[in-house]
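Asks: give me a model of this one.
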Amino acid sequence: MGFTRAPRCATESRRSCPVKIKDRPEFAGKPQAFSLRGEETVATAVTTMVERNIGSVVIVDADMKVQGIVTERDILRFVAENLDPKATPLSSVMSTEMKTARLDDDDMEWLQHMSQERFRHLPIVDDQGRLIGLLSQGDFVAQTWEDLLQSIRKKTQATFRQPTTQVVGALVLYTFAIIVMSRFWQGFSFR
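Replies: Numbers count the residues shown, from 1 in each chain. Prediction:
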């Protein structure tokens, strides 16, 4: 298989791991990742993806070990080749050069990898490579966006609690008020 992994933060990264994948709220609430065997057909995968409104199917063996993934992009490539979906096994269209993550991996490292390397689905596996779950780029972004807004709020509040910032802020506001009022009064003539 062509599986590659990003650095595991606990052993290879120099920085600490702020949030592990297993601690993400959307991971705990997600339904089990949908998987099929490689001998299933493309038609089966497409039907399932449409019925479940999902963008990928993880391909596993009998022991639930990840063998590959079939995404919407793989389906588009398949359609472009004009092959028979009822006769084509998933093993012939699945992507095998994929990344897998573990529950203790740093979520932000994976979001960065997904963004830089342009992949949208990340199977989560145990130490034996068995499928545990699946996170999409959308799952990461939904939570990360809220984290970002909360971080901005905290930094803004901390900044405006500083006495120097309060004085500078008051001066800026006072200057702005004078400019607005002078423009307002210029519109009136007292002749």
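
Asks: quick one: low-confidence residue ranges for this protein.
Replies: 1-18, 140-149, 151-152, 155, 158-162, 183-191 (pLDDT under 70).

Asks: the same query, at a cut-off of 80, please.
Replies: Scanning the chain for pLDDT under 80 picks out the ranges 1-19, 24-31, 108, 137-174, 176-177, 180-191.

Asks: now do the strands in it.
Replies: 35-37, 56-60, 66-71, 121-125, 131-136 (DSSP state E).

Asks: the first one pairs with which strands?
Replies: With DSSP bridges as the test, strand 35-37 is paired with strand 56-60 (parallel).

Asks: can you check the last one too?
Replies: For strand 131-136, sheet partners with direction are given as strand 121-125 (antiparallel), following DSSP bridges.

Asks: and the partner strand with strand 66-71, angle?
Replies: The directions of strand 121-125 and strand 66-71 differ by 160 degrees, with axes from the mean of the first three to the mean of the last three CA atoms, to 10 degrees as the criterion.

Asks: dump strand 121-125 to PDB, restricted to CA.
Replies: As requested, the backbone C-alpha atoms of strand 121-125 are provided in PDB (Å, rounded to 0.1, in the frame of the first residue of the first chain):
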ATOM      1  CA  HIS A 121     -11.100  13.200   3.600                       C
ATOM      2  CA  LEU A 122      -9.000  11.700   6.400                       C
ATOM      3  CA  PRO A 123      -9.500   8.200   7.600                       C
ATOM      4  CA  ILE A 124      -8.800   7.700  11.300                       C
ATOM      5  CA  VAL A 125      -7.200   4.400  12.100                       C
END
